[in-house]
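Novice: Quick check, what structure comes out for this input:
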Amino acid sequence: MSAINKILVTRSCVGVWEIRSGRLLSKLADSHLGAIVTQAEITSDGRYIVSSETGKLLIWNRVSEQVLYRDDSQPGIQQLKFLDGDEKVLAISCANINRKTDDTECGDLIATARIRSIPDGALQCEFEYSFKIIPGIPFRNAIITSDNNHIVVVTIDKANKDSISIFNSSGNHIHKIALRGYNIKEVITIVPLPHKSTQIGIIGSEKGSIIDIKTKRHIRSIPKWNGSCTRDGKYAKVAEGVFTVICMFTEGDEYVLYYHSGKKTLRVFRTSNTEMIANYRMQAELTAIKSTIDGKGLVLGTVDGCLSVFSIADPEKEESYKFLADLPSRDEQWKKKLAKRKARIRFKATISLVRLCLKLYVNGVQKIDSENDL
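Specialist: You can find the predicted model right below:
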């Protein structure tokens, strides 16, 4: 999600919202009838959107709202993730992931991972790995190490138990790490550690474990760790019994977000001194939360279908007051300013089209003249 634009995935389209003004900029769907959108990601600069729609991988130009690349050879996409500064995208799929099975666990599934460049969609590499689906646990996403050199996935060993496989950025398999000796029963998710490129966190139901993927050593176990970690190696731990708890750091690690389903509150704590600066009561159960890249705003999705955008007002930061004062909702003339900006954009677009038409016309005339001379 960029600091300006936010994308929202619905069943039938990808909605592009401008965070500051709360406007719906566009709704993207390759097929306007019967489209089923399952995944979508937007680059940090807001130029391109990669989405999965009805068994197709699509790369969109957000400004022109045109499909730049379309691929229908990878149905059942479960994950989209950017690499190398949003220049590439990793798409992981499994066509038969929803198949019926009489077993409690669905094993012997094959995931296909493909890395493509953006925006042309050229295939860079491809690899496959086996995995299983555990009832009650969604598809375990792959992760990219903090140095962008390795791709780590949750796979299975010969005994059909969870293990970890490491691939390099070219799709070559390096090695597999069995988890039986680390007292890790089942993996809920895996997370990269931003301060250690060779270490990852394996999150289970009762604890989290840190593994070195280079030496295959178990570093330490952290009880009640949900996988949240700052850039300097601080961990967020949760212990709230049966209630659903979301605990995470904002971008930049300045604040800790803590949602409690029983109290239906979202609290914001300052990381530097652990002081609570906000306690917001939700109108409905929280289903999704995301921080903007600059760490100044939050985007919340609730079970009633409401999308809300909040700014973090820290009374100890002078820039918070300026940020709030510059919001369009605080400016009575923002609609008129927005109309003027739209007019300027349309005028520049018209000039560009005219220049392109003149260039094509001149090239066509010169080609005709050269043919007549021959």
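
Novice: neighbours around Ile203, how many?
Specialist: Neighbours of Ile203 under the rule other C-beta atoms under 10 Å: 20. Using the backbone N, CA and C atoms, a C-beta is placed for each residue, glycine as well.

Novice: doesn't Ser228 make contact with it?
Specialist: No - here Ile203 lies out of contact with Ser228, judged by C-beta atoms under 8 Å, at a distance of 9.9 Å.

Novice: Burial check on the nearest residue to Thr43 once chain neighbours are set aside, number of neighbours?
Specialist: For Thr43, ignoring the flanking residues on the chain, the nearest one in space by C-beta to C-beta, 6 or more residues apart in numbering is Asp86 at 4.1 Å. Burial of Asp86 is recorded as 17 neighbouring residues (other C-beta under 10 Å).

Novice: How about Asn141?
Specialist: Asn141 has 16 nearby residues by other C-beta under 10 Å.

Novice: Quickly note the distance from the closest residue to it other than its chain neighbours to Gly297.
Specialist: Leaving aside its sequence neighbours, Asn141 sits nearest to Gln79 (C-beta to C-beta, 6+ apart; 4.9 Å). Distance of Gln79 to Gly297, given as C-beta to C-beta, to the nearest Å: 25 Å.

Novice: Tell me which of the two has more neighbours.
Specialist: A count of neighbours by other C-beta under 10 Å puts Gly297 above the other of Gln79 and Gly297, at 22 against 18.

Novice: quick one, what contacts the more buried one?
Specialist: By C-beta atoms under 8 Å, 6 or more residues apart in numbering, the residues touching Gly297 are 3, 19, 291, 309-312.

Novice: Mind doing that once more with 6 Å?
Specialist: With contact taken as C-beta atoms under 6 Å, 6 or more residues apart in numbering, Gly297 is in contact with Ser311.

Novice: Does it have any beta-bridge partners, and if so which?
Specialist: Legend: beta-bridge partners of Gly297 under DSSP bridges are Ser311.

Novice: what does the one 10 residues further on give?
Specialist: With beta bridges defined as DSSP bridges, Leu307 has these partners: Gly301.

Novice: What pLDDT does the model give it?
Specialist: Listed pLDDT for Leu307 reads 83.

Novice: what about it, neighbour count?
Specialist: By other C-beta under 10 Å, neighbour count at Leu307 equals 15.

Novice: what's the weakest-modelled helix or strand in the protein?
Specialist: strand 5-9 (a mean of 70; mean pLDDT, DSSP states H and E).

Novice: Pretty sure Ile174 sits against Ile166.
Specialist: Yes - between Ile174 and Ile166 there is a contact at 4.6 Å, judged by C-beta atoms under 6 Å.

Novice: Quick check: Arg344 is in a strand.
Specialist: No - Arg344 sits outside any strand when classified using DSSP: H, G, I helix; E, B strand; the rest coil, being helix.

Novice: Okay, now the unreliable bits of the stretch 151-300 of the chain?
Specialist: 239-242 (pLDDT under 70).

Novice: Do a quick rundown of the strands in it.
Specialist: Listed in chain order, the strands of the stretch 151-300 of the chain (DSSP state E, counting those that start in this stretch) span 162-168, 173-178, 189-193, 196-203, 207-212, 217-223, 225-229, 235-237, 245-249, 255-260, 265-270, 276-281, 286-291, 297-302.

Novice: Determine which of the ones you listed approaches Ser370 most closely.
Specialist: strand 162-168 (51.5 Å; C-beta to C-beta).

Novice: can I see the domain layout of this structure?
Specialist: Listed by automatic domain parsing, the domain ranges of the chain are 240-331, 334-374.

Novice: any chance of these in JSON lines, with distance to Asn98 too?
Specialist: Output for the domains of the chain, formatted as JSON lines (distance: least, C-beta to C-beta, whole Å):
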{"stretch": "domain 240-331", "distance to Asn98": "21"}
{"stretch": "domain 334-374", "distance to Asn98": "43"}
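
Novice: Out of those domains, which is the most enclosed?
Specialist: domain 240-331 (a mean of 15; mean count of other C-beta atoms under 10 Å).

Novice: so how far is that domain from its chain's centroid?
Specialist: 18 Å (C-alpha atoms, centre = their mean, to the nearest Å).

Novice: Lys336: what secondary structure?
Specialist: Following three-state DSSP, the label given to Lys336 is helix.

Novice: how far away is it from Asp326?
Specialist: In terms of C-beta to C-beta, Lys336 sits 16 Å off from Asp326.

Novice: Please apply the same query to Thr271.
Specialist: As judged by C-beta to C-beta, Thr271 and Asp326 stand 25 Å apart.
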